[in-house]
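Asks: Could you work out the structure for the sequence below:
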Amino acid sequence: MTFNPLEQRGIPLDRQLRNWRELDVEPIDPDHCDPYTRCRVITLNGIEVEAVMFSHQFARHCPDPEVKRQLAEVRYIEQQQQKVVNWLLPGLASVLETTIAYEQVAVDLTAWVARSEPDPYLKQAYQFGVLEDFDHLYRYANLYEMIEHRKADAIVESLTEVMPGRPTKFHHRHPHDNVRDPYDRASADPLSKLHALTVMSAEQQTMNFYMNVGPQYMEPIARRLYQEIGLIEEEHVTHYESLVDPGETWWEQLVNHEYNECYLYHSFMEQESDPRVRAIWELHLNMELEHLRIACDLMRRHDGREPEEVVAPELPNVLTFEPNKQYLRGLLDTQMDLTTLGAGYVQDAHERFERLQAQIHGGEEPPSERVMAQHRDLFGREYRSQTEGEHPDAASREKVEGRDA
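Replies: Got it, this is the predicted structure:
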């Protein structure tokens, strides 16, 4: 059944404000919830944070006080939505457990987007990035077993494999080589715009999370690993945000943001296995429909265009959290040795890449390699969860007592 959010009426804005009792949601049970329910919570928190921060930036560049007041009113509701969504995460979960869930989001969200992306250049951008998040999951999983003596599969539940991706130490690139070419707003598939905004928001959330939680650890190796991967998340946000056409007007961007929120709440409502959480997605969808209507009216008044000129006439197929094991294994088999050069990709290390590698590593192994060495010293081997067999890349297979694992 098709769903056109431009034709739907949501909850009037003056009825959307919630009291403390309504905001005080019961968190999900970390030991019994569907891991993909947690992934949907994390994704939608990133989307709501991006909506709020974009609205603030828009307000700071807008001279019209009436528009600023309209943005502020909607933004306050978006803040309430963010509080409800993020407060679904359980306080019992440690920072590392939440980190592993964040990386599961990065892997399976970006893999699904790569599979679904119609534009070859954009598809390659997602394929490139997902192999790096895949390796981050592997490094954090080994740190988790070292520090908390638990296995990451208790969190990802075999839906996502845990094994090496493109080695984290090779993710450090010159900033110039993290800037991609943007899509053309006049000709891009509307789905491509939603994909770019979604993955950018998710990666931005991860960057912000690591910027703040990293120094909360006492263990030196944990502090160092968060510092290293936190810098790579800066690269990833640059990578994904540069895919968005900077020629989009503020009004156009506002409509895209609100439309994307409708798309994701609708998608997750359709697949949510927890009835209580599903009811929240449905409520927020009905709120977002009104936010979209307001954004469309602002676009008509101030940009002189109809929203149908920039967004799809109906929502695309639902964005789905599901295992992507075979798809990722195909990428591991063919794209492990890629790096970036300018706005493109190359297999061979180039002078600018090697120069930055030498500067940042300073002749030593980075934290992402040290955590593996420490784990091997403690346990005699690495932590992996390879449900589909040995690693597709022969060089990445674990060596155990002189043989491949």
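Asks: And P313, how close does it get to T198?
Replies: Computed as C-beta to C-beta, to the nearest Å, the P313 to T198 distance reads 20 Å. C-betas here are computed from N, CA, C, even on glycine.
Asks: If you count surrounding residues, which of those two has more?
Replies: Between P313 and T198, counted using other C-beta atoms under 10 Å, T198 has the larger neighbour count: 24 against 10.
Asks: Not counting sequence-adjacent ones, nearest residue to the more buried one?
Replies: Closest residue to T198 apart from its sequence neighbours, by C-beta to C-beta, 6 or more residues apart in numbering: N260 at 6.4 Å.
Asks: so who does I232 touch?
Replies: 132, 136, 168, 171-172 (C-beta atoms under 8 Å, 6 or more residues apart in numbering).
Asks: Which of these fall in helices?
Replies: Secondary structure from DSSP state H places 132, 136 of these in helices.
Asks: Which members of the contacts of I232 are the farthest-apart pair?
Replies: The largest separation in the contacts of I232, counting by C-beta to C-beta, is between H136 and H172 at 13.0 Å.
Asks: higher neighbour count, these two?
Replies: H136 (27 against 18).
Asks: Does that one touch G230 like I think?
Replies: No. Under the criterion of C-beta atoms under 8 Å, H136 is not in contact with G230, lying 10.4 Å apart.
Asks: Which residue ranges of this protein form helices?
Replies: 20-23, 35-60, 65-86, 95-116, 120-148, 153-156, 190-213, 220-241, 250-271, 275-303, 325-334, 351-361, 367-379.
Asks: out of those, nearest to L341?
Replies: Relative to L341, the nearest member of these by C-beta to C-beta is helix 351-361, separated by 7.6 Å.
Asks: how much does that closest one deviate in direction from helix 367-379?
Replies: 50 degrees (axes from the mean of the first three to the mean of the last three C-alpha atoms, to 10 degrees).
Asks: So what touches helix 351-361?
Replies: 169-170, 172-174, 176-177, 339, 341, 349, 366.
Asks: Sort out which residues of it are buried, please.
Replies: Judged by neighbour count (16 or more other C-beta atoms under 10 Å), helix 351-361 contains these buried residues: 353, 356-357.
Asks: what's the offset of it from the middle of its chain?
Replies: In terms of C-alpha atoms, centre = their mean, to the nearest Å, the centre of helix 351-361 is found 27 Å from the chain centre.
Asks: what angle separates it from helix 220-241?
Replies: Helix 351-361 and helix 220-241 meet at an angle of 150 degrees, taking the same axes, to 10 degrees as the criterion.
Asks: nearest to S158, of the contacts of I232?
Replies: Ranked by distance to S158 (C-beta to C-beta), those are led by H136 at 18.6 Å.
Asks: List the contacts of that closest one.
Replies: Listed by C-beta under 8 Å, 6+ apart, the contact set of H136 reads 103, 106, 165, 168, 229, 232.
Asks: go again using 10 Å as the cut-off
Replies: By C-beta atoms under 10 Å, 6 or more residues apart in numbering, H136 lies in contact with 99-100, 102-103, 106-107, 165, 168, 171, 206, 210, 225, 228-229, 232-233, 236, 368.
Asks: Distance check, P313 against L378.
Replies: Distance from P313 to L378, counting by C-beta to C-beta: 57 Å.
Asks: Equivalent analysis for Y263, please.
Replies: For Y263 relative to L378 (C-beta to C-beta), the value is 45 Å.
Asks: Look at those two and report which has more neighbours.
Replies: Y263 (26 against 12).
Asks: Next, the contact list for L137, please.
Replies: Counting by C-beta under 10 Å, 6+ apart, L137 touches 99-107, 152, 155-156, 160-163, 165, 385.
Asks: with the buried residues of helix 351-361 in mind, which one is nearest to S192?
Replies: Nearest to S192 out of the buried residues of helix 351-361 is F353 (C-beta to C-beta; 27.9 Å).
Asks: got a pLDDT number for that closest one?
Replies: At F353, the pLDDT value in this model is 98.
Asks: quick one: it from Y345, how far?
Replies: Distance of F353 to Y345, given as C-beta to C-beta: 12 Å.
Asks: Need the residues touching each of the two.
Replies: Taking C-beta under 10 Å, 6+ apart as the criterion, F353 and Y345 both touch 177, 339.
Asks: any weak-confidence spans in this structure?
Replies: Applying pLDDT under 70 to the chain flags the ranges 1, 400-405.
Asks: ok, now which ones touch the residue nearest the centre of the chain?
Replies: Residue closest to the average C-alpha location in the chain (C-alpha atoms, centre = their mean): A202, at 2.6 Å. Contacts for A202 (C-beta under 10 Å, 6+ apart) come out as 39, 42-47, 49-50, 102, 105-106, 109-110, 113, 133, 236-237, 240.
Asks: ok, it to V105 distance?
Replies: Here the criterion is C-beta to C-beta. By it, A202 lies 6 Å from V105.
Asks: Common neighbours of the two, please.
Replies: 39, 42-43, 45-46, 133.
Asks: In PyMOL, how would I select the buried members of those?
Replies: Burial among these is assessed by 16+ other C-beta under 10 Å; the matching PyMOL selection reads:
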select buried, resi 39+42+43+45+46+133
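Asks: which of the shared contacts of A202 and V105 sit farthest apart?
Replies: Pairwise distances across the shared contacts of A202 and V105 (C-beta to C-beta) peak at 17.1 Å, for the pair N45 and D133.
Asks: got the contact list for the closest residue to E73 other than its chain neighbours?
Replies: Excluding its sequence neighbours, the residue lying closest to E73 (C-beta to C-beta, 6+ apart) is L13, at 6.6 Å. Contacts for L13 (C-beta under 10 Å, 6+ apart) come out as 70, 73-74, 76-77, 287, 290-291, 293-294.
Asks: could I get the helices of the chain as CSV with distance to N4?
Replies: CSV is the format used below for those (distance: least, C-beta to C-beta, whole Å):
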stretch, distance to N4
helix 20-23, 29
helix 35-60, 20
helix 65-86, 21
helix 95-116, 20
helix 120-148, 24
helix 153-156, 35
helix 190-213, 12
helix 220-241, 27
helix 250-271, 10
helix 275-303, 11
helix 325-334, 30
helix 351-361, 46
helix 367-379, 46
